[in-house]
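# Would you be able to build a 3D model of this:
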Amino acid sequence: MLRHLTSSFKAGALLSTVAAVGFMLPTSAGAVSVYQQHIQLVPEKTEIVVNGQKEVLEEPATVIQDRFYVPVRWLAEKLQLKLHWDADTNKVGLVTPKAFIEFDSNNGIIQVNGKPEEFASAAEIRNDRLLVQLSWIAPYTNISYELASDMQSADISFIGTPPTAYKESELRKDDAQPNSKPIALFALGKSSYRLGEKIDYVDLSYDPDAEGLPVYEWEGNKEAFYKPGTYPVTLRVKDGKGNVSEPFTRSVTVEDVPYLDREVFPYYYKESGTVFQAGKRLLSSELPTERKVPVLVRQPEDRVLIKGRSDKPVTQYGFLYQDKVNGAARLYPQFTNGMDRTARFAIVLRNNGEKAVHMTTTRKSEPNPTVYGEVRSNKTAEDFLSSKELDEELVVEAGATAYYTMSKDLDPGQVFQGMYDITTDGEISVSYVMMKPGDTAYILGSYQVAAEKESGTFPVSEVTWQIDAGAVKDITTFGIGEAALEPALKGTNAMTKDAIPNNGNTGVRYRIHLDQAAHMAVALHPRNGFVQGAVRVNGKVVPFPAGGLTSNEGLLLYRTAGSEKQLDIEWMSAGNSQLPVDLVLYPVNAK
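Reported below is the predicted structural model:
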């Protein structure tokens, strides 16, 4: 049996009303509807049905003296109407498609486009909430409704569309305002979402003055939610003149129905180049035997890697590393000027033979000196992978010495690094030298040997993998630099004759070919430490974070669309990378 309440109000009651429902600042309505809405309400019941989905009201509809009332705030949210409370006058303004309605509780009147009516004829305050008579408000809001003969239910129907671009000055009585505020609006792709399902935010914001919206400020707009409930999301936009919209809020309803967990979500929805929080449960290296997929690994020795490196800055002029090349080589020097004076770095060539030697540069990367050497190492590798094929020839005559490259002046603390693929038709000596600016090749003969023990020559500079991705049925990891998968890359310091490992496999290009890679997400994940480097997928660079990746992070490289039969990945580690770094393959099934 329904309770019929006596209509009553008192001056000032509306102040507590608007405070209770959150009108302390001007607020837009919450729900944008871009499709037909059908709503069923029952008096005194907070649970309603919207397009077959249940929702909960803060204040239920009610029947007062045989008239059906609905909460004003809720109605504004559903119809996307502009609602505003003026704290100075204690008035509530409502902009509808056909009228500007002002509720004035202090004076007991409602004004419709400036014409007064009695407050009690259409409005009511109950439990500090403002209610309005459904039959009275319907003509102004373009809704249709049907009341049960016994007043025990109401069916409301409407098609939601963005509201007319009213100036905010109409609400604030500031007609001198030269520029309208923008309107913040957005819709949701669905009425409710499952746990871990991507939320679709449909932007409907606009600027009445057509100045554009360069700034969007969101609150609470998570990509997905992992606990059931109702989550408010708020948007503000700013136009080109700095005018800020009123906040617009609508709620995301999340049902207690599993979809994707937090660890899996990035593989389905993150964009290529996105760094995400890596899940240890998924990325455990201890995979079941049935999830192991064989890899065909090749380590050709047709191009040596001559790596010049020092863990400490160079403190004197001299020869830092030297070896001989006859054929193909990759030169990879990286040294820091640790002196208190200017220096230059040079790669010096010496032909001790009796015939001229022709050297051809086929690829190179040579950035300017910088104090940010470790950060820049990513870019050096990236530039090298993406650089064009070259055909630059240099001839070193018999018995002659020549500069292959010479840096600009290196100030104290600056780093030189470069990477060069060369081929020669004869034997030639290659030296990495820290030299005094202005010194000639003749003077270099008096330089001391300042050999750096971290430098070395390695027989392998290119590694290829071939993986049958079609055999991957569950998340699978392949460890780059993992001893169980590929032999460790070792070399020799040509000056000290000491064996030396290639820590991090820096300067080595991996070419990884995936066959049958349909419906697959691919990521990189440092297993136990830190990694820097550069990566390309199908010839396109995937941005690598300047600060590198840690074992708590993953980098999404690519997600196939289902039509790809193969995938080609190029990877080169740099800096102080720690191996292994896992290549992660995750089959993404249709959801």
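# so how far is residue 464 from residue 518?
For residue 518, the distance to residue 464 equals 22 Å [CB to CB, to the nearest Å]. Quick note: C-beta positions are derived from backbone N, CA and C, even for glycine.
# quick one, domains of this structure?
The record's domain split for the chain, according to automatic domain parsing, is 13-159, 172-259, 266-300+460-587, 304-458.
# could I get stretch 309-329 in PDB with only the CA atoms?
Output in PDB follows, covering the C-alpha atoms of stretch 309-329 (Å, rounded to 0.1, in the frame of the first residue of the first chain):
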ATOM      1  CA  ARG A 309      83.500   0.200 -23.800                       C
ATOM      2  CA  SER A 310      84.600   1.400 -20.400                       C
ATOM      3  CA  ASP A 311      82.700   1.200 -17.100                       C
ATOM      4  CA  LYS A 312      84.700   4.300 -16.000                       C
ATOM      5  CA  PRO A 313      85.300   7.600 -17.800                       C
ATOM      6  CA  VAL A 314      88.600   7.800 -19.800                       C
ATOM      7  CA  THR A 315      91.200   9.900 -17.900                       C
ATOM      8  CA  GLN A 316      94.000  10.200 -20.400                       C
ATOM      9  CA  TYR A 317      94.600  10.500 -24.200                       C
ATOM     10  CA  GLY A 318      95.500   7.200 -25.800                       C
ATOM     11  CA  PHE A 319      94.500   4.000 -27.700                       C
ATOM     12  CA  LEU A 320      91.500   2.500 -25.900                       C
ATOM     13  CA  TYR A 321      91.100  -0.600 -28.000                       C
ATOM     14  CA  GLN A 322      92.500  -2.100 -31.200                       C
ATOM     15  CA  ASP A 323      91.900  -5.100 -33.400                       C
ATOM     16  CA  LYS A 324      92.100  -6.200 -37.000                       C
ATOM     17  CA  VAL A 325      89.300  -6.500 -39.500                       C
ATOM     18  CA  ASN A 326      89.300  -8.500 -42.700                       C
ATOM     19  CA  GLY A 327      85.800  -8.800 -44.100                       C
ATOM     20  CA  ALA A 328      82.600  -7.800 -42.300                       C
ATOM     21  CA  ALA A 329      82.500  -6.100 -38.900                       C
END
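# What's the mean pLDDT across that stretch?
Averaging pLDDT along stretch 309-329 gives 94.
# about what we covered before: can I get the domains of the chain in CSV with mean neighbour count?
Output for the domains of the chain, formatted as CSV (neighbours: other CB atoms under 10 Å):
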stretch, mean neighbour count
domain 13-159, 18
domain 172-259, 16
domain 266-300+460-587, 18
domain 304-458, 18
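# I'd like to know which of these has the weakest mean confidence.
domain 13-159 (a mean of 80).
# so how far is it off the chain centroid?
Distance, stretch centre to chain centre, for domain 13-159: 40 Å (CA atoms, centre = their mean, to the nearest Å).
# Stretch 258-275 now?
Centroid separation for stretch 258-275 versus its chain: 11 Å, with CA atoms, centre = their mean.
# ok, residues contacting that stretch?
193-198, 223-224, 226, 276-277, 279, 281-282, 521, 523, 537, 542-543, 545, 549, 553-559, 586, 588, 591 (CB atoms under 8 Å, 6 or more residues apart in numbering).
# can we see that at 7 Å?
Outside stretch 258-275, the residues that touch it by CB atoms under 7 Å, 6 or more residues apart in numbering are 194-198, 223-224, 226, 276, 279, 281-282, 521, 542-543, 545, 553-558, 586, 588, 591.
# Equivalent analysis for stretch 489-498, please.
Stretch 489-498 is contacted from outside by 321-323, 451, 453, 455-460, 499-502, 505, 508, using CB under 7 Å, 6+ apart.
# Compute the first-to-last residue distance for it.
Using CA to CA, to the nearest Å, the end-to-end distance of stretch 489-498 comes to 15 Å.
# next one: stretch 214-224
Using CA to CA, the end-to-end distance of stretch 214-224 comes out at 25 Å.
# Kindly report the same for stretch 515-532.
26 Å.
# Check stretch 110-125 too.
In stretch 110-125, first residue to last residue: 13 Å (CA to CA).
# cool, and stretch 418-429?
Terminal residues of stretch 418-429 are spaced 18 Å apart (CA to CA).
# Would you state the helices of the stretch 51-200 of the chain in chain order?
Here the stretch 51-200 of the chain has its helices, by DSSP state H, counting those that start in this stretch, at 72-79, 134-141, 169-172.
# one step back: restricted to strands, list the contacts of stretch 489-498.
Among the contacts of stretch 489-498, the members falling in strands (DSSP state E) are 321-323, 456-458, 499-501.
# Could you work out the most separated pair of these?
Across the ones in strands among the contacts of stretch 489-498, the longest distance by CB to CB is 20.1 Å; it joins 322 and 501.
# thinking again about what came up before, closest to residue 393 among the ones in strands among the contacts of stretch 489-498?
Lowest distance from residue 393 to those (CB to CB) belongs to residue 323, with 21.6 Å.
# Excluding sequence neighbours, find me the nearest residue to that closest one.
Spatial nearest neighbour of residue 323, excluding adjacent residues (CB to CB, 6 or more residues apart in numbering): residue 494 at 4.0 Å.
# same question, residue 82
residue 95 (3.8 Å).
# If that neighbour is in a bridge, with which residues?
Beta-bridge partners for residue 95, by DSSP bridges, are residue 82, residue 100.
# other SSEs contacting the helix or strand hosting residue 234?
Using DSSP states H and E, the element containing residue 234 is strand 229-238. Judged by 3 or more CB pairs under 7 Å, 6 or more residues apart in numbering; DSSP states H and E, the packing partners of strand 229-238 are strand 215-219, strand 248-258.
# Specify the angle between that strand and strand 215-219 in degrees.
Comparing the axes of strand 229-238 and strand 215-219 via axes from the mean of the first three to the mean of the last three CA atoms, to 10 degrees yields an angle of 160 degrees.
# quick one: strand 229-238 to chain centroid distance?
That offset, for strand 229-238, works out to 19 Å (CA atoms, centre = their mean).
# Quick one: work out the angle between it and strand 248-258.
Angle, strand 229-238 to strand 248-258, by the same axes, to 10 degrees: 150 degrees.
# Many thanks, we can stop here.
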